[in-house]
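>>> one predicted model, sequence on top.
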Amino acid sequence: MSQQHLVSTIATELSLAPRQVEGALALFDDGNTLPFIARYRKEATGGLDELQLRDVRDRAQYLRELADRRAAILASIGRAKAQPTPAAGRAALSAPRGGTSTT
């Protein structure tokens, strides 16, 4: 999943501006902690509070892990057979891209 698609998906799901999500993810990806971002980097996140930041972080982690699992499954299918059947590949790629967050 591309970074732009990740930002767009999370922004839509959480009803946030894409620039807020992009700023928050950049800070998390740089290794900053949730309390630090919430207290000292409000300008980069457009004023997201700690709960919103937690939701962004958790949803990004879930979607990234889902994309990794999807890729591993496709690779596994490819190893089991020389190439995945078109039907199997289409089924894996058309599967839902993550359900609603339970957090």
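Alright, I've got the coordinates.

>>> what does the host helix or strand of residue 6 rub up against?
Assigned by DSSP states H and E, residue 6 belongs to helix 3-14. The contact list for helix 3-14, computed with Cβ atoms under 8 Å, 6 or more residues apart in numbering, reads 1, 16-18, 20-22, 25, 52, 55-56, 59-60, 63-64, 97-98, 100-101. From N, CA and C alone the C-beta is placed, and that goes for glycine too.

>>> same thing with stretch 31-49?
Contacts for stretch 31-49 (Cβ under 8 Å, 6+ apart): 16-17, 19-20, 23-24, 26-28, 50, 53-54, 56-57.

>>> now, the residues you listed that are in strands?
Judged by DSSP state E, strands contain none of the contacts of stretch 31-49.

>>> of these, buried ones?
Using 16 or more other Cβ atoms under 10 Å as the burial test, the contacts of stretch 31-49 include 16, 20, 23-24, 27-28, 53, 56-57 as buried.

>>> so is residue 97 in a helix, a strand, or just coil?
coil (DSSP: H, G, I helix; E, B strand; the rest coil).
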